[in-house]
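Student: give me a model of this one.
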Amino acid sequence: MEPFEPELSNEEMILSFLAEGGTDFISGATLSDKLGLSRTAVWKHVETLRKLGYTIEAQPARGYRLLQVPDRLTALEISPMLSTRELGRTLHHFDSLPSTNAQAFELAQEGALNGEVVIAEAQTAGKGRRGRSWVSPAGKNLSMSVILKPEIAPTRAPELTLVAAVALAETLGEAGAPALIKWPNDVQLEGRKVAGILTELSADTERVHFVVLGIGVNLNTAAADFPDDLRELATSVAIMRGQPVPRALFTAALLTRLEAWLDTWQQNGFGPVRDRWKALSSILGAEVLVRSDSKELRGVAEDIDDSGALLLRVDGRVERILAGDVEQVRPRKG
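Tutor: Below you'll find the model as predicted:
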């Protein structure tokens, strides 16, 4: 497949050039030549960026350099850092949404392409698993939904939750927050939830039409931002690291990592994903309590099977669990 060359706006291209320059000045003549614009047009685009919150220094005979970027998650901030072919190349940004998954589902029904992403600075009625809410305060976290159009049977769709969990745990680790995965869709830091994944799909009996992969990550939430009943159960990367997270950089890194794992999954099947998921699991080898709508089981989380179902050893027999809430009773062995 040929590398995808996105069409960036002039503002995105200026930001990209300035970011590459680091602390060095980039002359107006250089920007003018690279963009095929007059130096006056370059100056107007720089002024537009300043109005959007970018701090750009300008000096006569030296040019421009980027000093500070606003903490937002628009294409202007994310696109210059992306190295994906498709994921995030079309980005729908909202200041606030009830649910990024609901918005992405609607866009997919209207014909959105594979890899289109919906991001909201604030999410007011986000959905978690089993009807729970996932609410994110403005400007602190990542609330994102990715539209995927894999050519698979509906029975394979649950694998995508585990693909996303692996990509997310690895991205958190690279950000200085070593993460583990709790089946089926939670990512944890030091035993507390830091992220969740919600996969929804449109399909018929033969094939998947599209999948909406919802990802919520507590990046810069402070302890005081959590409701009282969640402070012992949830955390954020900033709490764990002791310093804030550059959200746009994290988002670009996550999309890049997610696309790489999706490529591996499509080319080599679920096996490599399963192996990596097991290495990052917080529950395999541990005694757990699994609650579902119909029953409650206690046993040792032994493995996941080729479809991502949890294999729970209960009184000498193995139960195959397709859905449920998992609570760790005793730590994993080893």
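Student: so how far is the first residue of stretch 138-149 from its last?
Tutor: Terminal residues of stretch 138-149 lie 30 Å apart, using CA to CA, to the nearest Å.
Student: kindly report the same for stretch 137-156.
Tutor: Stretch 137-156 has an end-to-end distance of 33 Å (criterion: CA to CA).
Student: flag every buried residue along it.
Tutor: Using 16 or more other CB atoms under 10 Å as the test for burial, stretch 137-156 gives 137, 140-150, 152, 154. Just so you know, the C-beta spots here come from the backbone N, C-alpha and C atoms, and that holds for glycine as well.
Student: ok, of those residues, which one's closest to Arg50?
Tutor: Among the buried residues of stretch 137-156, Lys140 lies closest to Arg50 (CB to CB), at 24.3 Å.
Student: my guess is the closest one contacts Asn220. True?
Tutor: Yes. With contacts counted by CB atoms under 8 Å, Lys140 reaches Asn220, the gap being 4.4 Å.
Student: picking that back up, now pLDDT, distance to Lys44 and secondary structure too, for the buried residues of stretch 137-156, in a markdown table please.
Tutor: Shown next, in a markdown table, are those (pLDDT from 0 to 100; distance: CB to CB, whole Å; DSSP: H, G, I helix; E, B strand; the rest coil):
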| residue | pLDDT | distance to Lys44 | secondary structure |
| --- | --- | --- | --- |
| Pro137 | 76 | 35 | coil |
| Lys140 | 92 | 33 | coil |
| Asn141 | 94 | 34 | coil |
| Leu142 | 96 | 32 | strand |
| Ser143 | 95 | 33 | strand |
| Met144 | 96 | 32 | strand |
| Ser145 | 97 | 34 | strand |
| Val146 | 98 | 34 | strand |
| Ile147 | 98 | 34 | strand |
| Leu148 | 98 | 38 | strand |
| Lys149 | 96 | 38 | coil |
| Pro150 | 95 | 43 | coil |
| Ile152 | 92 | 47 | coil |
| Pro154 | 92 | 51 | helix |
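Student: and these, which is closest to Gln103?
Tutor: Ser145 (7.1 Å).
Student: surely that closest one touches Phe210?
Tutor: No. Counting by CB under 8 Å, Ser145 stays clear of Phe210, with 11.4 Å between them.
Student: domain-wise, how is this protein divided?
Tutor: In terms of domains, the chain is parsed into 10-68, 75-279, 287-330 (source: automatic domain parsing).
Student: end to end, how far does the first one reach?
Tutor: Put plainly, it is domain 10-68. With CA to CA as the measure, domain 10-68 spans 18 Å from end to end.
Student: stretch 239-251 now?
Tutor: 18 Å.
Student: quick check: buried residues in that stretch?
Tutor: By 16+ other CB under 10 Å, the buried positions in stretch 239-251 come out as Ile239, Met240, Val245, Pro246, Arg247, Ala248, Phe250, Thr251.
Student: mind checking which of those residues land in helices?
Tutor: Among the buried residues of stretch 239-251, the members falling in helices (DSSP state H) are Ile239, Met240, Arg247, Ala248, Phe250, Thr251.
Student: if we can go back for a sec, which of the buried residues of stretch 239-251 lies closest to Trp43?
Tutor: Closest approach to Trp43 among the buried residues of stretch 239-251 (CB to CB): Ala248, at 24.6 Å.
Student: hang on, the closest one packs against Ala75?
Tutor: No. Counting by CB under 8 Å, Ala248 does not reach Ala75; the two are 10.0 Å apart.
Student: list the buried residues for stretch 46-56?
Tutor: By neighbour count on 16+ other CB under 10 Å, the buried set for stretch 46-56 is Val46, Leu49, Tyr54, Ile56.
Student: show me where the stretch 201-334 of the chain has helices.
Tutor: 237-241, 247-268, 271-279 (DSSP state H, counting those that start in this stretch).
Student: identify whichever of the ones you listed lies nearest to Ser16.
Tutor: Distance to Ser16, taken as CB to CB, is lowest for helix 247-268 among those, at 11.9 Å.
Student: which other helices and strands does that closest one contact?
Tutor: helix 75-78, strand 142-148, helix 159-174, strand 208-217, helix 271-279 (3 or more CB pairs under 8 Å, 6 or more residues apart in numbering; DSSP states H and E).
Student: and that helix, what's buried?
Tutor: In helix 247-268, counting by 16+ other CB under 10 Å, buried: 247-248, 250-259, 261-262, 264-265.
Student: tell me what angle that helix forms with strand 142-148.
Tutor: With axes from the mean of the first three to the mean of the last three CA atoms, to 10 degrees as the basis, helix 247-268 and strand 142-148 are set at 30 degrees to each other.
Student: name the helix or strand of this protein that has the lowest mean pLDDT.
Tutor: Of all helical and strand segments in the chain, the minimum by mean pLDDT, DSSP states H and E falls on strand 133-136, at a mean of 60.
Student: buried deepest among the domains of the chain, which one?
Tutor: Highest mean neighbour count among these (mean count of other CB atoms under 10 Å): domain 75-279, with a mean of 19.
Student: distance between that one and the chain's centre?
Tutor: How far domain 75-279 lies from its chain's middle: 3 Å, per CA atoms, centre = their mean, to the nearest Å.
Student: where does the prediction get shaky in this protein?
Tutor: Along the chain, the model assigns pLDDT under 70 to residues 1-8, 126-135, 330-334.
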